[in-house]
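**Q** any chance you can model this:
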Amino acid sequence: MFKLEPRPQASKFWSYGSPLLALVITVLIGVALFIALGKDPVKGLQVFFWEPVKTPYALGELMVKATPLLVIALGLAVCFRSNVWNIGAEGQFVIGAIAAGGVALLADKETGRWIVLAILLAGVAGGMAWAGITALLRDRFNASEILVSLMLVYVADMVLSFLVYGPWKDPGGYNFPQTRTFDAVTQIPRLMSGSRVSAGLLLALVGAALLWVFLFRTRAGFAQQVGGLAPAAARYAGFSSRKALWVALLTSGGAAGLAGALEVAGPIGQLTPYVPAGYGFAAIIVAFVGRLHPVGMVFSAVLMSMFYIGGELAQSRLGLPKSITGVFQGLLLFTLLACDTLIAYRLKFTGRAA
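**A** So this is what the prediction gives:
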């Protein structure tokens with residue numbers, strides 16, 4: 001009775017309406033899932049969409065989760081707009097955390113607050129170096145950046161495990177695989193007392209503003225996008241697709257490394273095997289739900305952090321497994337992909353079925 005008919009031109013309405021429709025469908029599927037599991041759907045929706053925002057402290061925790069997601073997504077947006085598919089931001093996040101943690105471990109009682117800047121720069125450098133491996137293999141040997149960046153995630157995890165189980169293990173930590181807690185001087189400044197929200201939130205928002213200016217108000221940003229999407233046209237216009245590749249991967253790697261530094265020198269305060277929290281993968285969803293636009297990614301990062309916090313609350317209050325967070329993230333991604341069909345196609349009623 002219905003068929004998909006190509007539109008004469010892409011729908012601007014559904015370009016922005018598709019994420020909202022995807023969210024509504026995700027919520028409806030979530031309600032059905034709660035009912036199937038024998039849980040009260042009202043309470044289920046409450047822990048995901050009300051509990052994370054009902055108190056000032058809850059809002060602060062929401063911002064703590066949203067900060068690394070937004071920082072990583074901003075870097076990934078540069079990649080995806082350049083048609084460079086960096087799927088390994090999680091590994092760059094981990095290496096950035098390791099590099100930042102290594103600098104933080106050098107602090108002592110006489111170290112000044114300047115070390116915070118050194119920690120952040122080390123995180124950026126670590127993430128860029130890890131992403132540079134992917135850029136080098138793609139540039140020199142035409143290796144798939146999807147596979148290389150993804151496989152490097154597991155290498156990064158192994159490097160972290162080696163350090164916290166071996167040379168960086170805290171000798172006074174009762175044999176737990178973790179470094180010593182970083183000195184207070186290394187902590188990212190907090191924005192307010194009684195909350196874990198750090199200056200990293202301001203860095204993320206400033207980064208969103210800078211990315212908007214770069215992408216939409218500079219020649220370099222235009223060249224970056226053309227160099228990735230149409231290499232032949234870019235060469236004709238004098239743009240370098242090779243430069244676009246390096247800029248995209250180094251930018252996204254640096255952003256992921258910065259997020260790792262903000263985490264270990266902020267809420268975590270040490271290196272543990274649990275530093276990889278899946279932010280690098282979740283940020284891919286954040287980037288696409290936000291339409292690869294800095295403003296959109298601010299809102300999608302908040303939404304994704306609600307899924308994280310809601311998943312944690314669902315474990316303790318509803319007895320649901322930890323994987324419920326991943327279920328909601330996956331539902332949002334796949335419903336978005338389905339709803340995006342409406343941008344280029346429209347449903348047409350063909351009459352009663354025979």
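**Q** ranges for the strands of the chain?
**A** Shown for the chain, the strands assigned by DSSP state E span residues 2-6, 345-349.
**Q** redo those strands as a markdown table? Include mean neighbour count and mean pLDDT.
**A** No exception for glycine: its C-beta is placed from N, CA and C like everyone else's. Shown next, in a markdown table, are the strands of the chain (neighbours: other CB atoms under 10 Å; pLDDT from 0 to 100):
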| stretch | mean neighbour count | mean pLDDT |
| --- | --- | --- |
| strand 2-6 | 10 | 84 |
| strand 345-349 | 12 | 84 |
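**Q** and the pLDDT at the nearest residue to residue 87 once chain neighbours are set aside?
**A** Sequence neighbours aside, residue 150 is the residue nearest to residue 87 in space, at 4.7 Å (criterion: CB to CB, 6 or more residues apart in numbering). In this model, residue 150 is scored at 97, pLDDT.
**Q** just to revisit the earlier point, what's the closest of the strands of the chain to residue 44?
**A** Checking the strands of the chain against residue 44 by CB to CB gives strand 345-349 as the closest, at 30.3 Å.
**Q** so what does that closest one touch, helix or strand wise?
**A** Under the contact definition 3 or more CB pairs under 8 Å, 6 or more residues apart in numbering; DSSP states H and E, strand 345-349 sits against strand 2-6.
**Q** same for the strand it packs on, what does it pack against?
**A** Looks like strand 2-6 contacts strand 345-349 (3+ CB pairs under 8 Å, 6+ apart).
**Q** what pairs with the strand it packs on, and is each one parallel or antiparallel?
**A** strand 2-6 (antiparallel) (DSSP bridges).
**Q** which residues are in contact with the partner strand?
**A** Contacts to strand 2-6, defined as CB atoms under 8 Å, 6 or more residues apart in numbering, come from residues 341, 344-350.
**Q** ok, the closest residue to residue 192 other than its chain neighbours - contacts?
**A** Nearest non-adjacent residue to residue 192, counting by CB to CB, 6+ apart: residue 60, 7.8 Å away. For residue 60, the contacting residues are 192, 195-197, by CB under 8 Å, 6+ apart.
**Q** kindly report the same for residue 93.
**A** 68, 72, 127, 256-257, 259-260, 263, 276, 279-280.
**Q** need the buried ones from those residues selected in PyMOL.
**A** Buried residues within these, by 16 or more other CB atoms under 10 Å, are selected in PyMOL with:
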select buried, resi 68+72+127+256+257+259+260+263+276+279+280
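**Q** return the item of the contacts of residue 93 having minimum pLDDT.
**A** In terms of pLDDT, residue 276 ranks lowest among the contacts of residue 93, with 93.
**Q** distance of the residue nearest to residue 192 relative to residue 294?
**A** From residue 60 across to residue 294, the span is 23 Å (CB to CB, to the nearest Å).
**Q** same question, residue 134
**A** If you go by CB to CB, the gap between residue 134 and residue 294 works out to 24 Å.
**Q** can you get me a residue count around residue 282?
**A** Using other CB atoms under 10 Å, residue 282 has 26 other residues around it.
**Q** got the contact list for it?
**A** 69, 304, 308, 329.
**Q** before we move on, what about residue 172?
**A** By CB under 8 Å, 6+ apart, residue 172 lies in contact with residue 180.
**Q** then residue 272?
**A** Contacts for residue 272 (CB under 8 Å, 6+ apart) come out as 164, 177-179.
**Q** nearest to residue 49 among those?
**A** residue 178 (33.8 Å).
**Q** my guess is that closest one meets residue 270, correct?
**A** Yes - with contacts counted by CB atoms under 8 Å, residue 178 reaches residue 270, the gap being 5.6 Å.
**Q** thought residue 115 was touching residue 104?
**A** Yes - counting by CB under 8 Å, residue 115 touches residue 104, with 7.4 Å between them.
**Q** of these two, who's got more company?
**A** Using other CB under 10 Å, the more surrounded residue of residue 115 and residue 104 is residue 104, with 29 against 20.
**Q** pLDDT value on the more buried one, please?
**A** In this model, residue 104 carries a pLDDT of 96.
**Q** against residue 180, how distant is it?
**A** From residue 104 to residue 180 the distance is 10 Å (CB to CB).
**Q** so, low pLDDT: which residues of the stretch 251-354 of the chain?
**A** Applying pLDDT under 70 to the stretch 251-354 of the chain flags residues 351-354.
**Q** about what we covered before: now, the most widely separated pair of the contacts of residue 282?
**A** Applying CB to CB across the contacts of residue 282, the maximum distance is between 69 and 329, 10.8 Å.
**Q** which residues do the two both contact?
**A** Jointly contacting residue 69 and residue 329 under the rule CB under 8 Å, 6+ apart are 282, 304.
**Q** who has more neighbours, the two?
**A** residue 69 (27 against 22).
**Q** more neighbours: which of residue 134 and residue 294?
**A** Between residue 134 and residue 294, counted using other CB under 10 Å, residue 134 has the larger neighbour count: 30 against 23.
**Q** next one, pLDDT for the more buried one please.
**A** So, for residue 134, pLDDT stands at 97.
**Q** give me phi/psi at residue 142?
**A** Dihedral pair for residue 142: phi 60, psi 30, per degrees, to the nearest 10.
**Q** sorry, slip of the keys, the one I care about is residue 174.
**A** Recorded main-chain torsions at residue 174 are phi 60, psi 40, according to degrees, to the nearest 10.
**Q** how close does it sit to residue 275?
**A** Taken as CB to CB, the span from residue 174 to residue 275 is 19 Å.
**Q** for the contacts of strand 2-6, which one is nearest residue 319?
**A** Nearest to residue 319 among the contacts of strand 2-6: residue 341, at 36.5 Å, using CB to CB.
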